[in-house]
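Chemist: Show me the folded form of this:
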Amino acid sequence: MNKIVNIILVFILTTSGLVAQENLTLFKAVKNTLENNLDIKISENLQEIAKNNSSILNNNYLPNIQLGSDINTNVQNIEIETPSGIAGALDNTKTDNSSAVLSINYNLIDASGRKYNFKKSKELFSKSKLEVKEIIENTLLQLFTVYFEVGRLTEEEKILKNALDISRRRYERKLSQFEFGQTNNLEVLNAEVDVNTDSINLLNLSNRLNNAKRDLNLVMNVNLESKHSIDTELNFINKDDLSNLFLNDIKNNTSYLISEKDIIISDLDKKAIKFSYLPTLGLSGSYGWNESINDNPYAFYNKSISDGFSAGINIRWDIFRGGKKIIANKNASINQENFKLNKEKIILSLRKELNNAFQSHLNNLFILDAQNQNFETNKNNFERNLERYNVGQVSSIEFRRAQLNLLNSELSKNAAKYRAKISEAYFLKISGELISRFK
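Modeler: Residues are numbered from 1 along each chain as shown. Below you'll find the predicted structure:
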C-alpha cells in the first residue's frame with residue numbers, strides 16, 4: 001500500500017510540484033491576456049482599419065490631381081490631287097507628337113453624400129472601439145472563469161492532501177496497533193482502503209488542475225507548460241457598490257452602446273441617400289504642353305509647340321436613375337426601423353440578464369456564508385471526534401464519517417467561494433464595468 005501512495009505522491013509533486021513557481025496575480029493575468037491574446041490582437045487590427053477608413057483622405061474631401069504624358073510617332077504614305085490637276089505622292093511621312101498635362105478636379109457639391117459618409121466613417125470607427133471592448137470583455141470573462149477554476153482546484157488539492165495525510169496517519173496508527181494486538185485486521189484494511197481512495201481522488205484532482213493551468217496559459221497565449229502559483233485570496237465587491245451598479249441599469253453595457261451606434265449609422269446612411277438627389281458641382285483646371293513635328297514638305301507648318309492653362313466648372317445631375325434612388329431610400333428607412341427594434345430587443349434581453357446576474361450573485365454570496373458556517377460546524381465536530389478517536393471512544397467508521405463530513409463541507413465552501421467570484425465577474429460584464437475594475 002505504501003508503495004502505491006508513494007507513486008501517486010511522486011506523480012503529484014512532479015506535475016504540480018515543489019518546483020518554485022511564478023506567482024500569477026489576477027492583474028498580471030489580465031495584463032498578459034491584453035498583451036498576448038490573439039482574438040484581442042485581431043480585433044485591434046480591425047479597429048485600426050476602421051480608423052484609417054475614417055480619415056479625411058478616404059472620404060472624397062480632397063481634390064484629385066493627375067499628371068499625364070503622351071509620346072507618339074505617326075508614319076504615313078500620302079497621295080494628293082488638287083482641283084487644278086496637280087498630283088503627287090509622299091512616302092513615309094513622319095509626324096512626332098509629345099504632350100504633358102497636369103490636371104486638378106474638385107467637387108464643391110458631391111451627390112455621393114460625402115458629408116454624411118464622412119460622419120458615418122467616424123461612427124464606424126467609434127463602433128469598432130466598442131466591438132474591441134466587447135471582445136476584451138468576453139475574453140476577460142473567459143480568463144476569470146479559467147483563473148478562478150485553477151484557484152479552486154489549487155485549494156482543493158491542498159484540502160485533499162490534508163485528507164490523505166489524516167488517512168495515512170490513521171492507517172499507520174492502525175498498523176502499529178495491529179502489530180501489538182490492539183486491533184483487528186479489518187480495521188487495518190478499512191484504513192488502507194481509505195488511504196487508497198483519498199490517494200486516487202488527489203491524483204484525479206491534480207490531473208484536472210494541470211489541464212486547467214494549460215487552459216489558463218492558452219487564454220493568456222503563453223507557453224502551455226508554464227507553471228504558475230495562483231493567488232487564492234479573493235475580495236468581493238460590497239453589497240452597496242453592487243446595488244449602485246444594479247441601479248445604473250445597462251447604460252454602460254457594450255452591446256447596448258453598439259446598438260445605439262447602429263441607429264446613428266443607419267440615420268447617416270439615410271441622409272447620404274437623400275443627398276444623392278442633389279447635383280454634383282465641380283471645378284477643374286489643368287496645365288498642358290504639346291509639341292508636334294511634321295516632316296511633310298507640303299504641311300502648313302513643320303513644328304508646333306503650345307502650352308497653357310485651362311479651367312472650368314462642371315455640373316452633373318442624375319434626375320432619374322431607373323428608380324434605384326427611391327428603392328434605396330425606402331430600404332434605408334426600413335433598416336433604420338430594424339435597428340431601433342433590435343435595440344429594444346437588446347434592452348429587454350440585457351435587463352433580464354442583469355436582474356438574473358444580480359440575483360444569482362446575491363444568492364451565491366448567501367450560499368458562501370452558509371457554507372462557511374457549515375464548515376466551522378463540521379470542523380468542530382471533527383476535532384471532537386479526533387480527540388475521542390485518539391482515546392478509543394469513537395470507532396473508525398464514525399471517525400471516517402466525521403472526516404468525510406469535514407472534507408465535503410470544506411470542498412463545498414471552496415467551490416462556493418469561486419462560484420461567487422465568477423458570478424460577480426459576470427454581473428460586472430453585464431453592467432459594463434468589467435474592464436474599468438482592472439484598469
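Chemist: domain assignment for the chain?
Modeler: Annotated domains of the chain cover 2-60+111-278+321-438, 63-109+280-316 [automatic domain parsing].
Chemist: Make JSON lines out of those domains and add mean pLDDT and mean neighbour count.
Modeler: Backbone N, C-alpha and C define where each C-beta goes, glycine included. Shown next, in JSON lines, are these (pLDDT from 0 to 100; neighbours: other CB atoms under 10 Å):
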{"stretch": "domain 2-60+111-278+321-438", "mean pLDDT": "90", "mean neighbour count": "17"}
{"stretch": "domain 63-109+280-316", "mean pLDDT": "77", "mean neighbour count": "12"}
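Chemist: ok, longest strand in this structure?
Modeler: strand 87-109 (DSSP state E).
Chemist: Does that one pack against any helices or strands, and if so which?
Modeler: Secondary structure elements in contact with strand 87-109, counted by 3 or more CB pairs under 8 Å, 6 or more residues apart in numbering; DSSP states H and E, are strand 64-81, strand 280-294.
Chemist: Tell me which stretches of the stretch 151-300 of the chain form helices.
Modeler: For the stretch 151-300 of the chain, the helices defined by DSSP state H, counting those that start in this stretch occupy 185-220, 239-247, 254-275.
Chemist: can you list the residues that contact the second one?
Modeler: Meaning helix 239-247. 237, 354, 358, 361, 362, 365, 427, 428, 431, 433 (CB atoms under 8 Å, 6 or more residues apart in numbering).
Chemist: Alpha carbons only: can I get it in CSV?
Modeler: The C-alpha trace of helix 239-247 is given here as CSV (Å, rounded to 0.1, in the frame of the first residue of the first chain):
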residue,chain,number,x,y,z
LYS,A,239,-23.3,44.9,-1.5
ASP,A,240,-23.7,48.7,-1.5
ASP,A,241,-21.5,49.0,-4.6
LEU,A,242,-23.3,46.1,-6.2
SER,A,243,-26.7,47.8,-5.6
ASN,A,244,-25.4,51.1,-7.2
LEU,A,245,-24.1,49.2,-10.2
PHE,A,246,-27.5,47.5,-10.5
LEU,A,247,-29.3,50.8,-10.3
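Chemist: Wait, residue 34 touches residue 44, no?
Modeler: No. In this structure, residue 34 is not within contact of residue 44 by CB atoms under 8 Å, at 9.8 Å.
Chemist: okay if I get the helices and strands packed on strand 87-109 as TSV plus distance to residue 123?
Modeler: Putting the helices and strands packed on strand 87-109 into TSV (distance: least, CB to CB, whole Å) gives the following:
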stretch	distance to residue 123
strand 64-81	26
strand 280-294	24
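Chemist: Distance from the chain centre to the helix or strand containing residue 353, please.
Modeler: Under the criterion of DSSP states H and E, residue 353 resides in helix 324-390. Helix 324-390 sits 20 Å away from the centroid of its parent chain (CA atoms, centre = their mean, to the nearest Å).
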